[in-house]
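[1] With the input below, show me the fold.
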Amino acid sequence: MSRQTVTIANDTITRERIEPLLAEDQLLVLEACDLAGADLSRLNLQDCVFSHCALAETSFYAANLARTRWQRCRGGHADFESADLVDARFEACDLNNSRWRRTKLASSSFRACKLTGASFEEVGQLGLSFEDCLLVGADLRRMSFRKAKLIGLDFADADLSGCDFREAVFEGGSLREAHIKDARFEQADLREADLGGLKLSNAKLFLGATISARQAAELVRAMGLNVA
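    Predicted structure coming up:
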């Protein structure tokens, strides 16, 4: 039997408001609702749709958010720690400074999202994808982007320590001033990426990677040499 879909629009959502609806196993579609500061931790919200919702400082700690859809939501400092977000989809959301520690993000996707300062520690990420996203200053330590096509990702000033970019293809985007200690870029195609701030001491991380003649000249100039 298919679940009944219940649409709630322009309402304030609290734990007390939503728990009775979940108890009836209803599929919720929340449109332009205010969930800011709500404690929705450990709730089963799988398959729900969040559209144009306010999520600032909302807690989804350890919630079941599998197969959820998030469209144009604003959730600064939202907490997704330990949540199940397998096969979730985020589209044009502002999730600056959000927390994703130990979140299950397998087969999830972020498209045209703002994730400045977001923290992705110890996440389950098999099949996770980002496209046209701002990840400025984000904590992405030890994440794997191996063989991925990275379209329009701004990693400026992000912590990419220990990340695996082997054989990845950068289509635009930026690594300007990113922290890349112990990251791996072997066989990566970096010709379209902004490599500003790359230091000679990091050159060994890029052995076997491909850069453009323009990028090579910029790197040489950054070393204080003149290109004739």
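
[2] how close does Phe165 sit to Asp154?
    As for Phe165, its distance to Asp154 is 15 Å (criterion: CB to CB, to the nearest Å). C-beta coordinates here come from the backbone N, C-alpha and C atoms, glycine included.

[3] When these two are compared, which one has more neighbours?
    Phe165 (29 against 23; other CB atoms under 10 Å).

[4] average model confidence for stretch 127-139?
    Regarding stretch 127-139, the rounded mean pLDDT is 97.

[5] In it, which residues are buried?
    Neighbour counts over stretch 127-139 (16 or more other CB atoms under 10 Å) mark Leu128, Ser129, Phe130, Asp132, Cys133, Leu134, Leu135, Val136, Gly137, Ala138, Asp139 as buried.

[6] same question, stretch 151-162
    By neighbour count on 16+ other CB under 10 Å, the buried set for stretch 151-162 is Ile151, Gly152, Leu153, Asp154, Phe155, Ala156, Asp157, Ala158, Asp159, Leu160.

[7] want to throw these into CSV with distance to Phe90, pLDDT and secondary structure?
    Formatted as CSV, those follow (distance: CB to CB, whole Å; pLDDT from 0 to 100; DSSP: H, G, I helix; E, B strand; the rest coil):
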residue, distance to Phe90, pLDDT, secondary structure
Ile151, 15, 97, strand
Gly152, 15, 97, coil
Leu153, 14, 98, coil
Asp154, 16, 98, strand
Phe155, 18, 97, coil
Ala156, 20, 96, coil
Asp157, 22, 96, coil
Ala158, 18, 97, coil
Asp159, 21, 97, strand
Leu160, 21, 96, coil
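
[8] tell me the two of these that are most distant?
    Farthest apart among the buried residues of stretch 151-162 by CB to CB are Ile151 and Asp159. That separation is 21.1 Å.

[9] Low-confidence ranges, the chain, go.
    1-2, 199-203, 220, 222-228 (pLDDT under 70).

[10] May I have the distance across stretch 172-190, first residue to last?
    End-to-end span of stretch 172-190 (CA to CA, to the nearest Å): 9 Å.

[11] for the protein, what spans make up the helices?
    For the chain, the helices defined by DSSP state H occupy 15-23, 213-222.

[12] Could you dump those helices into a markdown table and include distance to Arg191?
    Shown next, in a markdown table, are the helices of the chain (distance: least, CB to CB, whole Å):
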| stretch | distance to Arg191 |
| --- | --- |
| helix 15-23 | 48 |
| helix 213-222 | 7 |
